[in-house]
Structure formats: C-alpha cells, structure tokens
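> Sequence plus the predicted model coming up.
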Amino acid sequence: MGTAPMNDAAGVVLAGGQSRRMGQPKAALAVSDADGRTLLDDRVALLAQVVDPVWVSLPCGAAAAPDAIIDAVPHPGPLVAIDAALARLQAAGWQWLVVLAVDMPGVPAALLWRLYRAQRVAGVALAQHPQGRLEPLVSCWHVDARPAVSRCLAEGQRAVRAALAVLPTTRVPLNDDEAGWLVNVNTPADWEAWRRGRD
C-alpha cells in the first residue's frame, strides 16, 4: 500500500527512453547482483513508498500490463508520457502525479515526499539543483496541468520545459549535500561510477 493521504496521488516511472548511450535498456540494469533487482524494480518500489498506484511509462512495442503506459509511437519523449499519465490520473479522479525518471538511481523517497507536500497549487513542483537548474523529471504535477501539456503537444512542442514555461511552478531546492540525489546515468561509465559511489 502507498502512503499518500486520501489516495489523491499516483506516480509514474518514465522508462521509455532509447538508452542509446548506455547501449542497453537502462530499466534493465541490475541494481543488485544478489537478487536480480533491476533499476526499474528499484524505482517503482521507491515511488510506491510515496503513492499508490505506480504506473510505468514504457516504449512503443512493450508488453501490455495494467500498470503500463505504453508509447503509441516510437520515441515520443517524456512529455507525451506525462500527458498520458495525467489523462489516466484525471480519469481516476486523483489530483497529483509524482514523476520519476528511471535513470535517476539516487533519488530518495524523502525528496518525492517533499515534492508531493510542496505541490498545493495547480501546476508543477520541481526539484532544483543547488546550482539553480530545475529537474523536470523529478517532479509533482497537478491534474489541472493537463490542458497546458496537451496544448503544447498539439502545437508540436515535445520538450517538458515548453509546458513548464506556461504553468505555475514551485521549486524544491536541494542543498550541496543532496546534489547527488539528482545524478542521472546515461553511459556505462556513469552507471559504474554510481554503483561504486553507493558501495
């Protein structure tokens, strides 16, 4: 069971990327050699500590599953996945969508809770790097953000930042000690560095 109050939130792990620089699907990377737990397993389990249900955004051609949101076309980008998750959120009558990219293995539940608790206006709460840069794929979206997201897509704008430019945003800043939470892994070297740093 999730721990979101009043069951007003759901979550989505974004795992539909091409993983070209990694050379293999990031979602299938082994977090634990002992039990075979993958990065996708790990991120879904983390998000489930904060919200229930948790959906998974998967690439076009992936096997259908009740918790899957599958891209209708190849490589549409994360804004399409967020739009689809917001549509599912709206249909279920919930208010909040917590978004987490699968390739960010250091994000802790504490940050997701911060985002969820900060988001109390129609718009988006985003994690903010200590240097000021926003991380749109570690965020919490209100269901009322969907029309703006859909409008951006209809206009051919697929960048998440295009939607953020027309939505109210709440920044959730991280301090220097927390900067590692927002490291993303794009290459085998990134992955090995993260695993070494974790040990």
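Sure thing, it's come through.
> Determine the longest helix present in this structure.
helix 78-92 (DSSP state H).
> Can you spell out which helices and strands pack onto the helix or strand following that one?
Counting by DSSP states H and E, the next helix or strand C-terminal to helix 78-92 is strand 96-101. When contacts are defined as 3 or more C-beta pairs under 8 Å, 6 or more residues apart in numbering; DSSP states H and E, strand 96-101 sits against strand 9-14, helix 39-48, helix 78-92, helix 109-118, strand 134-142. To be clear about C-beta, it is placed using only N, CA and C from the backbone, and glycine gets the same treatment.
> ok so, going back, put the alpha carbons of the longest helix of the chain into CSV.
Taking C-alpha atoms only, helix 78-92 is exported to CSV below (Å, rounded to 0.1, in the frame of the first residue of the first chain):
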residue,chain,number,x,y,z
PRO,A,78,8.8,12.3,-21.8
LEU,A,79,6.1,15.0,-22.2
VAL,A,80,3.9,12.5,-24.1
ALA,A,81,4.3,10.0,-21.2
ILE,A,82,3.4,12.7,-18.7
ASP,A,83,0.4,13.7,-20.7
ALA,A,84,-0.8,10.1,-20.9
ALA,A,85,-0.3,9.7,-17.1
LEU,A,86,-2.2,12.9,-16.4
ALA,A,87,-5.1,11.6,-18.5
ARG,A,88,-5.1,8.4,-16.5
LEU,A,89,-4.9,10.4,-13.3
GLN,A,90,-7.9,12.6,-14.4
ALA,A,91,-10.0,9.5,-15.3
ALA,A,92,-9.4,8.1,-11.9
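> ok so, going back, export the helices and strands packed on strand 96-101 as JSON lines, with columns for mean neighbour count and mean pLDDT.
Listed next are these as JSON lines, based on neighbours: other C-beta atoms under 10 Å; pLDDT from 0 to 100:
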{"stretch": "strand 9-14", "mean neighbour count": "27", "mean pLDDT": "96"}
{"stretch": "helix 39-48", "mean neighbour count": "20", "mean pLDDT": "94"}
{"stretch": "helix 78-92", "mean neighbour count": "19", "mean pLDDT": "96"}
{"stretch": "helix 109-118", "mean neighbour count": "18", "mean pLDDT": "93"}
{"stretch": "strand 134-142", "mean neighbour count": "23", "mean pLDDT": "96"}
